[in-house]
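Engineer: sequence unknown, structure follows:
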Ligand code: PA5
């Protein structure tokens, strides 16, 4: 069991009667998902990925990862949104947020094309000086501006360093199977390509080549990750929330939302959850924030943020609830030393593990936040293994689909993301957007 829901910290915010009433809605959401009759049903490929993934490509990913490990010191993953967050979350979750600083036999991994920042790309170029570089460009559409611009700049670097022919073996493209300019360009140049399946949206794509190649390059066991996802997919099949913690999570967040709790804060007590939180925010934000509805997904790392946002959570506007990821085994043991002088008065903690203190901080905070009027859902996760990562990914993806259908939205589209893109193209003078550009420029003050 890699995730277990603990509902003992909901306080009086959700009654047994309310839970029993929403059961039928969750069963309906389950039937919509399973019968593939709901909105967005063309994008349900993620649901069967743990069994139906492309085995031939999976084997090719492992071979490519080995090749990359041998041929570079710096591996750059170029992508934005769903095209990078999952891989980055996995690397920080399973390895470390300080992955690049660890002693290791795998390349340093950097992420580019997720901003339009000059300093970010300039710094990356200088990091690459004197080092061997490979890149993986990930873009389903192949036309997203941020990664496309970064690819231009990094391709220039590689071609100067290794020549057009020499760069061929250092550039890996993950994109649509057939469509798009990126695929055509990759084929023309002879780059190795991997597929973002048609029926898997960006934010649900971490278990495809999108996530798997960078994750494998980091030396993470992708077989164990897929096994975790498979076990989660087999575990959460019962539509009854009493027997399904994944669906219960979806039900609880909908109930809390209906009671005016429009903000969910995902809480972790380990820095290695920081990027997992970011992945989760995209998953839930893009899936549910539409039709003027949706819970606003937010996140914190405690106890760090207890010293910044703790005050607000304890006593601010009561429109929030928390979902705490409690990890049972951090994977390492640190003992607090005895200090003969007891300068800080903390000798009562001597000999304790840091994990015990961290766990106590969590219990203390749960109680305090409950007392302050904040309902808490606790998700108990076994550890930071690749298996648990895969399990957690599937848990949250499935919960998101059920939650979105319960909320009454299409959890698989993201029409709102286009608005800024069109404006940006128009303002930058992209051919075809001339009239729109003129109208927009008149509005800029
Ligand atoms: O979830 C999504 O669909 C988005 O976040 C995309 O992943 C993001 O916009 C990048 O798109 P693309 O992969 O087409 O470059």
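Structural biologist: Yep, it's here. If you're wondering where the values come from, they're calculated on a predicted model, not measured in any experiment.

Engineer: Tell me how many other residues surround the residue in the stretch 101-250 of the chain positioned nearest to the ligand.
Structural biologist: The ligand sits closest to residue 202 of the stretch 101-250 of the chain, with a gap of 2.3 Å, by C-beta to the nearest ligand atom. Heads up, the C-betas are built off the backbone N, CA and C, glycines and all. Residues contacting residue 202 under the criterion other C-beta atoms under 10 Å number 26.

Engineer: again with residue 27
Structural biologist: Residue 27 has 16 neighbours, counted by other C-beta under 10 Å.

Engineer: The helix or strand harbouring it: which residues count as buried?
Structural biologist: Assigned by DSSP states H and E, residue 27 belongs to helix 16-34. Across helix 16-34, burial judged by 16 or more other C-beta atoms under 10 Å covers 19, 22-23, 25-27, 29-30, 32-33.

Engineer: Break down the stretch 301-445 of the chain into its strands, ranges please.
Structural biologist: Taking DSSP state E, counting those that start in this stretch as the criterion, the stretch 301-445 of the chain contains strands spanning 320-329, 376-383.

Engineer: quick one: which of those strands is nearest residue 68?
Structural biologist: Proximity to residue 68, assessed across those by C-beta to C-beta, is greatest for strand 376-383 (27.1 Å).

Engineer: what angle separates that closest one from strand 320-329?
Structural biologist: 20 degrees (axes from the mean of the first three to the mean of the last three C-alpha atoms, to 10 degrees).

Engineer: Centre-most residue in the chain?
Structural biologist: residue 279 (1.9 Å; C-alpha atoms, centre = their mean).

Engineer: The one helix or strand it maps to packs against which elements?
Structural biologist: Using DSSP H and E, residue 279 falls within helix 274-288. Here helix 274-288 touches helix 85-90, strand 263-268, strand 296-301, helix 386-407, going by 3 or more C-beta pairs under 8 Å, 6 or more residues apart in numbering; DSSP states H and E.

Engineer: in the second one, what counts as buried?
Structural biologist: This means strand 263-268. 264-268.

Engineer: on contacts alone, who are the packing partners of that strand?
Structural biologist: The contact analysis (3+ C-beta pairs under 8 Å, 6+ apart) places strand 263-268 against helix 274-288, strand 296-301, strand 320-329.

Engineer: Identify all contacting residues around that strand.
Structural biologist: 253, 256, 274, 276-277, 280-281, 284, 295-302, 313, 319-325, 327 (C-beta atoms under 8 Å, 6 or more residues apart in numbering).

Engineer: Indicate the residue of the stretch 51-200 of the chain located nearest to the ligand.
Structural biologist: Counting by C-beta to the nearest ligand atom, the stretch 51-200 of the chain gets nearest to the ligand through residue 81 (2.3 Å).

Engineer: quick revisit: compare the helices and strands packed on helix 274-288 and report which one is nearest to the ligand.
Structural biologist: With C-beta to the nearest ligand atom, the closest approach to the ligand among the helices and strands packed on helix 274-288 belongs to helix 85-90: 7.9 Å.

Engineer: hmm, the closest one in reach of the ligand?
Structural biologist: No. Helix 85-90 stays clear of the ligand (C-beta under 6 Å from any ligand atom), getting no nearer than 7.9 Å.

Engineer: Tell me which helix or strand comes right after that helix.
Structural biologist: With elements assigned by DSSP H and E, the helix or strand that comes after helix 85-90 is strand 108-112.

Engineer: Could you point out the helix or strand that follows that next one?
Structural biologist: Next element after strand 108-112 (DSSP H and E): helix 118-128.

Engineer: Tell me how far that next one lies from the chain's centre.
Structural biologist: 24 Å (C-alpha atoms, centre = their mean, to the nearest Å).

Engineer: Following element in sequence after that helix, please.
Structural biologist: Helix 118-128 is succeeded, C-terminally, by strand 133-139 (DSSP H and E).

Engineer: Name the surrounding residues that touch that following strand.
Structural biologist: Under C-beta under 8 Å, 6+ apart, the answer for strand 133-139 is 68, 71-80, 83-84, 107, 113, 147-148, 151, 154-155, 157-158, 161, 170-175, 182, 196, 210, 213-214, 217.

Engineer: That one pairs with which strands, and in what direction?
Structural biologist: Strand 133-139 sits in its sheet next to strand 74-78 (parallel), strand 171-176 (parallel), going by DSSP bridges.

Engineer: How about the residues of the stretch 151-300 of the chain by the ligand?
Structural biologist: 201-203, 286.

Engineer: switch the cut-off to 5 Å
Structural biologist: 201-203 (C-beta under 5 Å from any ligand atom).

Engineer: Tell me which of these fall in strands.
Structural biologist: The strands in this structure, assigned by DSSP state E, contain none of these.

Engineer: so can I have a markdown table of those residues showing pLDDT?
Structural biologist: What follows is these, written out as a markdown table (pLDDT from 0 to 100):
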| residue | pLDDT |
| --- | --- |
| 201 | 96 |
| 202 | 96 |
| 203 | 97 |
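
Engineer: ok, now which ones touch the residue nearest to the centre of the chain?
Structural biologist: Residue 279 touches 85-86, 88-89, 206, counting by C-beta under 8 Å, 6+ apart.

Engineer: where's it relative to residue 367, distance?
Structural biologist: 29 Å (C-beta to C-beta, to the nearest Å).

Engineer: number of nearby residues for the residue of the stretch 51-200 of the chain closest to the ligand?
Structural biologist: 21.

Engineer: just the one 3 residues further on next, same as before
Structural biologist: Here the count is done by other C-beta under 10 Å, and residue 84 has 28 residues near it.

Engineer: is it true that it touches residue 111?
Structural biologist: Yes. At 5.3 Å, residue 84 counts as touching residue 111 under the criterion of C-beta atoms under 8 Å.

Engineer: Could you turn the buried ones of the contacts of strand 263-268 into a ChimeraX selection?
Structural biologist: In ChimeraX, this line selects whichever of the contacts of strand 263-268 come out buried by 16+ other C-beta under 10 Å:
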select :253,256,274,276,277,280,281,284,295,296,297,298,299,300,301,302,313,320,321,322,323,324,325,327
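
Engineer: what's in contact with stretch 72-81?
Structural biologist: Here stretch 72-81 makes contact (C-beta under 8 Å, 6+ apart) with 68, 84, 87-88, 107-114, 124, 127-128, 131-139, 144, 146-147, 150-151, 154, 170, 174, 202-203, 210, 214, 217, 282, 286, 417.

Engineer: Ok, stretch 1-17 next?
Structural biologist: Stretch 1-17 is contacted by residues 228, 231-232, 235, 245-246, 248-249, 252, 255-256, 259, 261, 321, 324, 326, 366-367, 370, 375-382, 387-388, 391-392, 395 when judged by C-beta under 8 Å, 6+ apart.
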